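J.: Mind looking at a prediction? Sequence and model below.
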Amino acid sequence: RGLDPQWDQTVILGVTDPSKDRLSGKFFMNQGTKQIGDEQFFNLDKLVNGKSTFKGIIVPGGKVDMFVTALGWGAEEKEENLED
């Protein structure tokens, strides 16, 4: 995919306990034989149900951008009080 790959992929992961479960990400090259960058961990307890949240992973020479969405769990979105 070249030196600056882009792809759009949806993955659905099961979450048992959002207060304890974490999302982790690490990336490899050379057909999975060499890890690049550090493994990153993200807590899930602050996600809002149904709302995409940006997460980024820094790797040498760039970054990986992801959006994480809680489906059927997570905090309820707070309504903002806007006065005219």
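T.: Arrived safely.

J.: contacts, neighbours, all on C-alpha from now
T.: Fine.

J.: Could you check stretch 67-84 and say which residues are buried?
T.: Using 16 or more other C-alpha atoms under 10 Å as the test for burial, stretch 67-84 gives 68-71, 74.

J.: need those in TSV with secondary structure, can you?
T.: Formatted as TSV, the buried residues of stretch 67-84 follow (DSSP: H, G, I helix; E, B strand; the rest coil):
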residue	secondary structure
Val68	strand
Thr69	strand
Ala70	strand
Leu71	coil
Gly74	coil
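
J.: pLDDT check: weakest of those?
T.: Within the buried residues of stretch 67-84, pLDDT reaches its minimum at Gly74, with 89.

J.: For this protein, which residues score under the pLDDT cut-off?
T.: 1-4, 81-82, 84 (pLDDT under 70).

J.: Which neighbouring elements make contact with the longest strand seen in it?
T.: Longest strand of the chain, by residue count under DSSP state E: strand 34-43. Packing contacts for strand 34-43, counted by 3 or more C-alpha pairs under 8 Å, 6 or more residues apart in numbering; DSSP states H and E, involve strand 22-29, strand 52-59.

J.: which residues touch that strand?
T.: The contact list for strand 34-43, computed with C-alpha atoms under 8 Å, 6 or more residues apart in numbering, reads 18-29, 57-60.

J.: Would you check which pair of those residues lies furthest apart?
T.: Taking every pair in these and measuring C-alpha to C-alpha, the maximum separation is 32.0 Å, between Ser19 and Met29.

J.: Of the two, which one has the most company?
T.: Ser19 (12 against 9; other C-alpha atoms under 10 Å).

J.: show me the contacts for the more buried one.
T.: By C-alpha under 8 Å, 6+ apart, the residues touching Ser19 are 43-45.

J.: which one of the contacts of strand 34-43 has the most neighbours?
T.: Ile57 leads the contacts of strand 34-43 on contacts (other C-alpha under 10 Å) with 19 neighbours.

J.: Could you provide the helices and strands packed on strand 34-43 in JSON lines, with additional columns for distance to Gly14?
T.: Shown next, in JSON lines, are the helices and strands packed on strand 34-43 (distance: least, C-alpha to C-alpha, whole Å):
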{"stretch": "strand 22-29", "distance to Gly14": "11"}
{"stretch": "strand 52-59", "distance to Gly14": "16"}
